[in-house]
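Q: Below: sequence and its predicted model.
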Amino acid sequence: MTETENEGTLRKNINAAKMIVGTVKSTLGPLGRDKMMVDAAGNAVVTNDGATIMGELDVSHPGGKMIIEGAKTQESLCYDGTTSTVVLTGEMLGNSEGLLNKGLHPNIVCNGYNQAAAMAVSYLDSHLSVGEGETFHAKEGKYAFDLKDIARTAITGKTVDAALDDVAELCVQAVQKAGSAEKVRVLPLPGGSLRDSYLFNGAIVNKMPVLETELEKSQHIVLINTGLEPQKTDENVTVQLDMQGYSQFKSQGEEDLLSQAKMLVEYLPEGGMVFVRDGAADHVCTYLEKHEISVVRRLPESTMRALSSTLGVSVSQTPADVECSAKGMVYSERHYDVDYLFVQGEIDSDQSTLVLRGATTTTLDEIERGFDDALGVVSLVMNGDGVVAGGGSAYAAMAAHLRTQAASVEGRAQMAIEAFADALEIIPATIAENGGHDPLDCILNLRHKLQSHETEYGPNIEDGGVISMWNLGVLEPTSLVRQAVLSATEVTTAILKIDDMIAKRGE
Ligand code: ADP
Ligand code: MG
């Protein structure tokens, strides 16, 4: 294999990667455009969310797949910042092409990029990040952050601007109540407007009792992890029974079931509700209904968990294990032909459900994605992460810092560090460009501000020029930026290290 052939592989990988970047670049930032993605069956998704676009892209090229992996890592670690990661990776790769053209070996480029990433991240942590209770010192004064700002920044561009503040507030309340993003359940209900969204202090179940029953009242509730139906045996055995034996075998099962139902009646002498994980035989439900006990069956495990923490009672394995019942308020609401049960406990529980309202399912889907990002970033900061100015200002500040440091690095790696610094500026430049402003002017203005150590400036997407992100309240978790830089560097260097692609035998 000749040197040029190897280089051909690298360039093909770089081109494939650049193509993906081309698809998502225009979605970056609050004024980014949406993408409509249509599959072969004509199903459409309209989104501005990088992670969603990446998930739907049909990419077969290995270089492209690596970029998508980088975006997925970002999403899973930081919930947000996927588009930034992809755009940054594209720019780093593009700039490395220039270095290769000048005769730098890919290894030297990788080496320089790795050094640059380490320097950038350490500057980010030591000079740009602000922790809880700390303040950011700007020329015109000091700023402290508010969790609402973090939520608002993540959700801008994904929701109706008029409701932005309410929505940000709701996100913060939800995470504060639950402790972390994972514990917040989100339920999109079509109809109404985003402003009508609210935090329900309890669990919502999209199933109704088997038999119609009177709701809207406080009930005694029992949770059971199995079912109320004849046991299915797992053992694969054939038993030969005569007629008498068979009816005995069958009635034995029925009797067991009946005795379980009787136990429930004992636990719930005044009537109540039983939520079961598996099925419940109809005749058991009828029997229980006669005793004023209604049954809700086939509930997913996550719902059982939510009910358990709402009511403050553990989920019993079988009726025989029930230790106590809990009291809760249950009522139903119908939304677009689907009935929902709202269950509220009497204890002070951290379980809550964010009920999202929006006109159509398509807009609701996009709003839900915005919420997922916002809940995630609020949860990061609430659990100890620092905060940096958004709008790509942190990237521009890291770039300026790298330029001051590059000369201290010996040899050709210095060129790679400079190329890395240039690549970082793609984030503010693209946000400005997508807002309809000149990216070059934006970068030059930012460099001018950075000359006097004003690190908080980012693109003013409303009026052009640059503006203080701390003053605007455009803030994001430090780890979001740190991870974007690290992921982009890792994917770029991994692609640069590939010098040949060999077809693998199918498995
Ligand atoms: P990502 O998938 O990378 O999160 P987004 O499309 O969500 O991409 O854009 C996020 C970028 O937009 C972040 O850098 C964020 O700081 C920036 N941003 C959000 N609101 C504003 C604003 N009002 N002005 C400038 N930049 C903003
Ligand atoms: Mg985002």
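A: Cool, got the structure. Ligands and ions are numbered 1, 2, ... in the order given.
Q: By proximity to ligand 1, which residue of the protein wins?
A: Relative to ligand 1, the nearest point of the chain is Gly390 (2.5 Å; C-beta to the nearest ligand atom). Backbone N, C-alpha and C define where each C-beta goes, glycine included.
Q: burial count for that residue?
A: Using other C-beta atoms under 10 Å as the criterion, Gly390 is surrounded by 30 other residues.
Q: so it touches Thr478, yeah?
A: No - with contact defined as C-beta atoms under 8 Å, Gly390 does not reach Thr478; the gap is 11.0 Å.
Q: can you list the weak-confidence ranges in the stretch 51-200 of the chain?
A: Scanning the stretch 51-200 of the chain for pLDDT under 70 picks out 159-161.
Q: which residues in it form strands?
A: Secondary structure of the stretch 51-200 of the chain by DSSP state E, counting those that start in this stretch: the strands cover 136-138, 141-143, 184-190, 198-200.
Q: which one of the ones you listed is the most hemmed in?
A: Per-stretch averages of neighbours, counted by mean count of other C-beta atoms under 10 Å, single out strand 184-190 among the strands of the stretch 51-200 of the chain, with a mean of 18.
Q: and that one, how far from the chain's centre?
A: Centroid separation between strand 184-190 and its chain, computed with C-alpha atoms, centre = their mean, to the nearest Å, is 14 Å.
Q: Use 12 as the first number for this chain going forward.
A: Will do, 12 is the new start, and the previous item becomes strand 195-201.
Q: Neighbouring strands of it in the sheet, and parallel or not?
A: In its sheet, strand 195-201 lies beside strand 363-369 (parallel), with partners assigned from DSSP bridges.
Q: got the CA positions of the strand it pairs with in PDB?
A: The C-alpha coordinates for strand 363-369 follow below in PDB (Å, rounded to 0.1, in the frame of the first residue of the first chain):
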ATOM      1  CA  SER A 363     -43.600  13.900  40.500                       C
ATOM      2  CA  THR A 364     -44.800  13.800  37.000                       C
ATOM      3  CA  LEU A 365     -44.300  16.700  34.600                       C
ATOM      4  CA  VAL A 366     -47.500  17.000  32.600                       C
ATOM      5  CA  LEU A 367     -46.700  18.600  29.200                       C
ATOM      6  CA  ARG A 368     -49.400  20.200  27.200                       C
ATOM      7  CA  GLY A 369     -49.100  21.300  23.600                       C
END
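Q: After it, heading C-terminal, what element do we hit next?
A: Next along the chain after strand 363-369, taking DSSP states H and E as the criterion, comes helix 372-393.
Q: orientation of that following helix relative to strand 363-369 in degrees?
A: Between the direction of helix 372-393 and that of strand 363-369, the angle (axes from the mean of the first three to the mean of the last three C-alpha atoms, to 10 degrees) works out to 140 degrees.
Q: Identify all contacting residues around the next helix or strand after helix 372-393.
A: Sequence order places strand 398-400 as the next helix or strand after helix 372-393, per DSSP H and E. Strand 398-400 has contacts (C-beta atoms under 8 Å, 6 or more residues apart in numbering) with 135, 139-142, 147, 156, 161, 392, 405, 466-469, 479-481, 485-489, 492.
Q: hmm, which of these are the buried ones?
A: Burial by neighbour count, 16 or more other C-beta atoms under 10 Å: within those this picks out 135, 139-141, 147, 156, 161, 392, 405, 466-469, 479-481, 485-489, 492.
Q: out of these, which touch ligand 1?
A: Of the entries in the buried ones among the contacts of strand 398-400, those that also sit close to ligand 1 under the rule C-beta under 6 Å from any ligand atom are Gly469, Val485, Glu487.
Q: Pretty sure the last one sits in a strand.
A: Yes - secondary structure of Glu487 (DSSP: H, G, I helix; E, B strand; the rest coil): part of a strand.
Q: Look at it and report its pLDDT.
A: Predicted confidence (pLDDT) at Glu487: the value is 97.
Q: same thing with the one 3 residues further on?
A: Listed pLDDT for Ser490 reads 97.
Q: Tell me how many other residues crowd it.
A: As a burial measure, Ser490 scores 22 neighbours (other C-beta under 10 Å).
Q: Name the residues of the helix or strand hosting it that are buried.
A: Taking DSSP H and E as the criterion, Ser490 maps to helix 489-508. By neighbour count, and taking 16+ other C-beta under 10 Å as the criterion, the buried residues in helix 489-508 are 489-504, 506-507.
Q: For the stretch 362-511 of the chain, what lies in contact range of ligand 1?
A: Gly401, Gly402, Gly403, Ile442, Gly469, Pro470, Ile472, Val485, Glu487.
Q: Can you tell me which member of those residues has the lowest pLDDT score?
A: The lowest pLDDT within those belongs to Ile472, which sits at 94.
Q: dump the residue contacts of that one.
A: Gly40, Pro41, Leu42, Gly402, Ile442, Ala443, Gly446, His448.
Q: I'd like to know how far the closest residue to the first one other than its chain neighbours sits from Asp474.
A: Looking back up the chat, that one is Gly40. Sequence neighbours aside, Ile442 is the residue nearest to Gly40 in space, at 3.6 Å (criterion: C-beta to C-beta, 6 or more residues apart in numbering). Applying C-beta to C-beta, to the nearest Å, one obtains 14 Å for the distance of Ile442 from Asp474.
Q: again, but for Gln251
A: Between Gln251 and Asp474 the computed distance is 86 Å (C-beta to C-beta).
Q: swap in Ser320?
A: Applying C-beta to C-beta, the value for Ser320 to Asp474 is 47 Å.
Q: So which of the two has more stuff around it?
A: Each of Ser320 and Asp474 has its neighbours counted (other C-beta under 10 Å); Ser320 has more, 19 against 8.
Q: Mind checking what secondary structure that one has?
A: Applying three-state DSSP: Ser320 is helix.
Q: was I right about it contacting Asp361?
A: Yes - assessed by C-beta under 8 Å, Ser320 is found in contact with Asp361 at 6.8 Å.
Q: who in the stretch 162-311 of the chain is up against ligand 1?
A: Taking C-beta under 6 Å from any ligand atom as the criterion, the contact residues of the stretch 162-311 of the chain with ligand 1 come out as Thr164, Thr167, Gly168.
Q: So which of the residues you listed wins on neighbours?
A: Within those, Thr164 tops the neighbour count with 27 neighbours, counted by other C-beta under 10 Å.
Q: quick one, what contacts that residue?
A: When the contact criterion is C-beta under 8 Å, 6+ apart, the partners of Thr164 are Val388, Gly401, Gly484, Val485, Leu486, Glu487.
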